[in-house]
Structures are given as structure tokens and as C-alpha cells.
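**Q** Sequence and computational prediction follow.
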Amino acid sequence: MPKPAKTDRALPAQAHARPSLDVVRVWDRVVRGFHWALVLSFAIAWFTPQSAENIHHWAGYAAASLVAMRLVWGIVGTPYARFSQFVRDPATVLRYLLAIIKGSEARYIGHNPAGGAMVIVLMAMMVSVAVTGWMQTTDAYFGVSWVEDAHSLAAHGLLALVLVHIGGVAMASLRHNENLVRAMITGRKRKAAPADIA
């Protein structure tokens, strides 16, 4: 007597846990870990400038180390993590910004040109904050007013860029009907449609 055909109920639990075929893995664990660890280290440093100096310093060192790691991963990492995939020339970034103003920007599976430019600017500003902060711990630059001013200016500039970044993420999420914050947690995004850029 033939055995009855298996139904969905007979499938193992793992089969039901598989991601939808409509999504694709974009951000690897290193990229996601870097992103959220950098958010945390900046937040800790921002809220502990005088109240907990040691914690403030170590948060800055952690941020600088994270950027150094990301620079390496941007060369040897997975395809969407590589700078060659998302760093574009200024003309392309400008065209994309103009397309945003017109409401006609394309959806990118990886970083869009504006997002890629923001990644580079944010990392550069984080390095400047870390370097000027470290300089203040040295005998040569301790108490030097221009170093203190440079550190404060870089930190406030970084905060402004973070706010612009958050606004850009919110706008892109709404325009393309895609939760980019969740994508940076799960690593998955909706698969490319014919009009999207992979």
C-alpha cells in the first residue's frame, strides 16, 4: 500500500523558518555589527564627556578601531560591503541627489550613491573626532584650545551628519516602501525589481 503524500504539517520546523524567496541577503554580519557597534560607541562617548572620562576615552578608541576594521572589510569583505560596490564619483552622487529632489531616484539593493557618500563622510568625521580626542590626552596637546575646539566641532559635526543620515534612511524607507533599519538588523532586503539597481 503506498504511503500517503507528505503535507506541509510533516515538514520540519526549519522549512517554515526559511526566509522568503522575495528577499536577498545584502548586509553581512560584519557590516551590521560594525554599524550598531559604532552607533553605541558614539552614543556612549557623546553622553560621557565629563561624567566618566575613562569610559569616554575607551568609547572613542573603540569607534576608531571599528572604523579601521571597516576599512579593511571594505576591501576584502563580501560584495555589498566593498567600497568598490558603493563608492561612486561626485557627479553620480550629485545626479542622485537631484533625482531625490525630483522624486525620481532609483532603488538600490546596496547603498545608493548618497548613502555610500555618507558612509565615507561619517567614517572620516569619526576618525577626526577620535584623533583630536586622543591628542588631548597627550602631553603636547593637553589643554591646547585649538585642539579642544577642533574636537568639539568635529563631534558636533558628526552628530549633525548622523541626524542627516537618519533623515535619509527614513526618506528612502518611505519612498521605496522598505524598512532600512530592519534591513540593517536582519541583513535582508527585498529582491531587485526590473527598475532597481543591484
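**A** Sure thing, it's come through.

**Q** Point out where this protein drops to low pLDDT.
**A** 1-21 (pLDDT under 70).

**Q** can you do 50?
**A** By pLDDT under 50, the low-scoring segments of the chain are 6-17, 19.

**Q** which helix is the longest one in it?
**A** In the chain, with assignment by DSSP state H, the single longest helix is helix 145-175.

**Q** Against which helices or strands is that one packed?
**A** Where contact means 3 or more C-beta pairs under 8 Å, 6 or more residues apart in numbering; DSSP states H and E, helix 145-175 is packed against helix 29-47, helix 113-135, helix 180-186. Backbone N, C-alpha and C define where each C-beta goes, glycine included.

**Q** Compute the inter-axis angle for it and helix 29-47.
**A** Helix 145-175 runs at 130 degrees relative to helix 29-47, counting by axes from the mean of the first three to the mean of the last three C-alpha atoms, to 10 degrees.

**Q** Can you give the distance of helix 145-175 from its chain's centre?
**A** Remark: helix 145-175 is offset 13 Å from the chain centroid, using C-alpha atoms, centre = their mean, to the nearest Å.

**Q** what sits against Ala59?
**A** For Ala59, the contacting residues are Ser41, Phe42, Ile44, Ala45, Thr48, by C-beta atoms under 8 Å, 6 or more residues apart in numbering.

**Q** Figure out how far stretch 177-194 is from the centre of its chain.
**A** Stretch 177-194 sits 13 Å away from the centroid of its parent chain (C-alpha atoms, centre = their mean).

**Q** What are the contacting residues of that stretch?
**A** By C-beta under 8 Å, 6+ apart, stretch 177-194 touches 19, 21-29, 31-32, 35-36, 107, 109, 169, 172-173, 198.

**Q** again, 10 Å this time
**A** With contacts defined as C-beta atoms under 10 Å, 6 or more residues apart in numbering, stretch 177-194 is touched by 19-29, 31-32, 35-36, 39, 80, 107-110, 115, 166, 168-174, 176, 196, 198.
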